[in-house]
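Trainee: Need coordinates for the following:
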Amino acid sequence: MFIARISRGRTIREYVLGVILVPSLMCFVWMALAGGTAIDLELSGTAGEAILDTEISDQLYSTIAAMLDPGLTTFVSGLVVILLMTYLVTSADSAILIVNTINGAGDTEGERRHHIVF
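Mentor: Predicted structure coming up:
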C-alpha cells in the first residue's frame, strides 16, 4: 500500500524497475560482494578461520575486521549500524503512515497528524 501510494503518477515500467528490479539487483550485489569476500578471505587463509568461528550474527563484522585496519573497522562497523537503524526507522515510518491512512478512513492529512506523531 505504501509503494502504491508513493508510486502514483508513475508508469508501470517505472514501478517495476523501482520496486522489483533495482532492490533485487542491489541485494544481489551486496550478497555477492560481502559473501564472496568472506569466502575468499577464508579460502585464502587471510582470515585465519576468524569468520567461520564467529556466530552467524557477527560474521559481517568479522569479515570487515579481516579486511580492514582496526581503526577503520570501528568506523565501518559504526556506519553499518547507522545504515541499519536508518533502514528500520524508515520502514517503521512507512508502516505508521499506512496504518494511519487505513485508520483515518478518508480524513485529511492535517486531521491525522496527531496520530502520526503519537
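Trainee: Please, which helix or strand holds Gly71?
Mentor: helix 70-104 (DSSP states H and E).
Trainee: That helix: which residues count as buried?
Mentor: 73, 97, 100-101 (16 or more other Cβ atoms under 10 Å). No exception for glycine: its C-beta is placed from N, CA and C like everyone else's.
Trainee: Please name every helix or strand in contact with it.
Mentor: Using 3 or more Cβ pairs under 8 Å, 6 or more residues apart in numbering; DSSP states H and E, the elements in contact with helix 70-104 are helix 2-6, helix 59-67, helix 109-117.
Trainee: what pLDDT does the residue nearest the centre of the chain get?
Mentor: Closest residue to the average C-alpha location of the chain: Tyr87 at 4.9 Å, with Cα atoms, centre = their mean. Looking at Tyr87, its pLDDT is 93.
Trainee: low-confidence ranges in this structure?
Mentor: 106-113, 115-116, 118 (pLDDT under 70).
Trainee: What residue spans form the domains of it?
Mentor: Domain ranges of the chain: 1-67, 69-118, per automatic domain parsing.
Trainee: Buried ones in stretch 41-54, by neighbour count?
Mentor: Buried, per 16+ other Cβ under 10 Å, within stretch 41-54: 41-42, 47, 51, 54.
Trainee: Can you lay out those residues as TSV showing secondary structure and distance to Val29?
Mentor: Below are these laid out as TSV (DSSP: H, G, I helix; E, B strand; the rest coil; distance: Cβ to Cβ, whole Å):
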residue	secondary structure	distance to Val29
Leu41	helix	18
Glu42	helix	21
Ala47	coil	22
Ile51	coil	20
Thr54	coil	23
